[in-house]
Structure formats: C-alpha cells, structure tokens
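S.K.: Quick one, fold the following:
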Amino acid sequence: MRDVEKTIGNMIDKQKVSFIGSIDSEGFPNVKAMLQPRKRVGVRTIYFSTNTSSMRVSQFKENNRACVYFCDSRFFRGVMLKGTMEVLTDSESKEMIWLPGDTMYYKEGVTDPDYCVLKFTAISGRSYSNFKSEDFIVE
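M.R.: Numbers count the residues shown, from 1 in each chain. Coordinates of the predicted model:
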C-alpha cells in the first residue's frame, strides 16, 4: 500500500459504523459495533465515546490489547488495526470529543460519570481489498 495513512484514513472517515475488539476474562475475543470514531490523528490514534459502565471498559481496564475494524461493504474491503485501548475519564479528553447531541446518551452532559473516552493507539494493521490482504505497520 503506497500511502497507508491516506488510503486507510479515507476509508475510516466514510464509515458510519466501526467495530472494536477486546479480550474477556477467559481470554476470548469480544467484538462490538460502535458509532464512527469521534476523532482520529492519522490512523495511529482513534477516539471513541462510550459508557464508563460498559463491559468493554471493564475489559480494556483488565487487558488493554484491542483491535478496531472498519468495513466498506459497498466495495467489499476492510481494514483491521491492532493496538491498545486506553480508557480516559479526564475532563480535557471528554470535552475534546463531546458533541451537542451526546446528552441523548449521557444525560448529565460532558461531566456525566458514565461518559468516557476510548483512545485506541494502533501499532499495525491488515487491509483487504480487491481479493487480497496486506499487512502494514502504523507509524
């Protein structure tokens, strides 16, 4: 892949749904659909919003290994990023990705204790397109 950041970044930006993977206490992978990321810095750092009380947050606190998958079903292509997930509860992080309509999910607003930020940091990835797969390192 010539320009990982541009190619993968464009695909990420066009998807309305993403999938995150965590590891449960028995060592099994768990996958969950999420709304599109709130913010990204290249393809290395991706931010999501979620509930602090969620099962995923508990799992990431126990084991921060994670993956994120983006799928463009129209063209039957996708990308999986492997890395780590941090759970952020500081006000600066929460305010950084807050959107006005978020009170639908977090009734108390940006300070709602059940609102947190997931910060994914990618180390590598694998893309699928045109009936072939390709591994890449995220820099």
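S.K.: how about low-confidence regions in the protein?
M.R.: 1 (pLDDT under 70).
S.K.: need the strands for it, in chain order.
M.R.: Along the chain, counting by DSSP state E, strands occupy 17-23, 29-35, 39-41, 45-51, 65-72, 77-88, 115-129, 132-137.
S.K.: ok, how many other residues are close to the residue nearest to Tyr47 when sequence neighbours are not counted?
M.R.: Using CB to CB, 6 or more residues apart in numbering and skipping the chain neighbours, the partner closest in space to Tyr47 is Lys39 (4.4 Å). All C-beta spots, glycine's among them, are computed from the backbone N, C-alpha and C. Lys39: 13 surrounding residues under other CB atoms under 10 Å.
S.K.: quick one: Lys39 from Val117, how far?
M.R.: 9 Å (CB to CB, to the nearest Å).
S.K.: Also Gly27?
M.R.: Distance from Gly27 to Val117, by CB to CB: 26 Å.
S.K.: Repeat that for Ser127.
M.R.: 26 Å.
S.K.: out of those two, which sits in the more crowded spot?
M.R.: The residue with more neighbours, out of Ser127 and Val117, is Val117; 23 against 20, by other CB under 10 Å.
S.K.: residue contacts, the more buried one?
M.R.: Contacts for Val117 (CB atoms under 8 Å, 6 or more residues apart in numbering) come out as Arg38, Tyr47, Phe48, Ser49, Thr50, Val87, Leu88, Thr89, Ser93, Lys94, Met96, Ile97.
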